[in-house]
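K.L.:
Sequence and predicted structure, then a few things I'm wondering about:
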Amino acid sequence: MKDRKIIRDAGAFQLLADNTRMKMIYLLRAKEMTVRQIADELELTPQTIYHHIKRLRKADMVEVSREERTEHIVESFYRATAGYFHLVNGSRASECGGIEWLQGILRGLDNLGLDVNLSDKEASSILKLGEELKRHREDPDIVGKIYDMDDIDPSVGHDLGEFAMMMKMNEREFAKYLETQRTLRERLLSGRVDKEKP
């Protein structure tokens with residue numbers, strides 16, 4: 001199993017929006033399991049789990065780790081293909097998300113009634129600020145350790161990582177982090193179509 005895997009398939013976002021599949025990935029990160037073992041753990045039918053396994057295998061998030069013959073039955077053991085999945089919508093995996101990321105953010109803000117109109121220069125500035133915040137927030141070592149914790153729910157992992165990073169920052173780094181957030185907020189607010197301040 002890889003430590004980290006980049007997934008560019010937009011369908012993966014929808015796949016992991018399902019709570020059952022998210023729990024399955026969490027279980028299969030920790031150890032290999034059969035369909036029956038997963039079903040017992042999640043209190044679901046093996047048929048339901050098998051349906052989800054097929055979809056996760058197609059997205060290359062789960063794989064068969066080994067097969068074991070018991071009498072006349074061959075049972076497959078499954079595992080996650082990585083300890084941590086980085087979902088990227090678009091082709092720019094190394095950036096904060098690139099222009100596709102920013103367009104998605106702007107569409108989401110518009111849907112929330114927070115319409116923002118940015119010039120190309122402002123958009124470029126926001127992308128740079130986003131990349132800077134990412135450097136402050138993401139430590140691959142911490143992320144790896146969090147995803148190796150069996151007693152941490154995946155929904156808590158992101159916030160746990162952010163809390164840990166804030167605690168690891170010295171005062172100068174933390175001040176820079178806060179200043180970057182403040183600047184990002186100001187740039188977004190300056191692009192508000194209605195100029196309404198929250």
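P.N.:
Thanks, I have it.
K.L.:
just the strands in this protein please.
P.N.:
Counting by DSSP state E, the chain has these strands, from start to end: 2-7, 62-70, 73-80, 82-87.
K.L.:
Could you list every helix and strand in contact with the second one?
P.N.:
Helices and strands touching strand 62-70, by 3 or more C-beta pairs under 8 Å, 6 or more residues apart in numbering; DSSP states H and E, are helix 19-30, helix 46-58, strand 73-80. Yep, even glycine has a C-beta here, placed from its N, CA and C like the rest.
K.L.:
what comes up buried for the first one?
P.N.:
If I follow you right, that is helix 19-30. Judged by neighbour count using 16 or more other C-beta atoms under 10 Å, the buried positions of helix 19-30 are 21, 23-29.
K.L.:
quick one: contacts for Tyr78?
P.N.:
When contacts are counted by C-beta atoms under 8 Å, 6 or more residues apart in numbering, Tyr78 is found next to 28, 32-35, 38, 53, 57, 62-65.
K.L.:
what residue ranges in the chain are flagged as low confidence?
P.N.:
Within the chain, the stretches falling below the threshold (pLDDT under 70) are 1-4, 8-10, 86-98, 137-138, 140, 143-144, 147-148, 150-155, 157-158, 195-198.
K.L.:
Show me it divided up by domain.
P.N.:
According to the domain assignment given by automatic domain parsing, the chain is divided into the following structural domains: 2-84, 92-190.
K.L.:
ok, and what's touching stretch 22-42?
P.N.:
Among residues not part of stretch 22-42, those counted as contacts by C-beta under 8 Å, 6+ apart are 1, 16, 20, 44-46, 48-50, 52-53, 56, 61-62, 65-66, 75-80, 82-83, 85, 147, 150, 153-155.
K.L.:
List buried members of those residues by neighbour count.
P.N.:
Buried residues within the contacts of stretch 22-42, defined by neighbour count using 16+ other C-beta under 10 Å: 16, 44, 49, 52-53, 56, 61-62, 65, 76-80, 82-83, 85, 147, 154.
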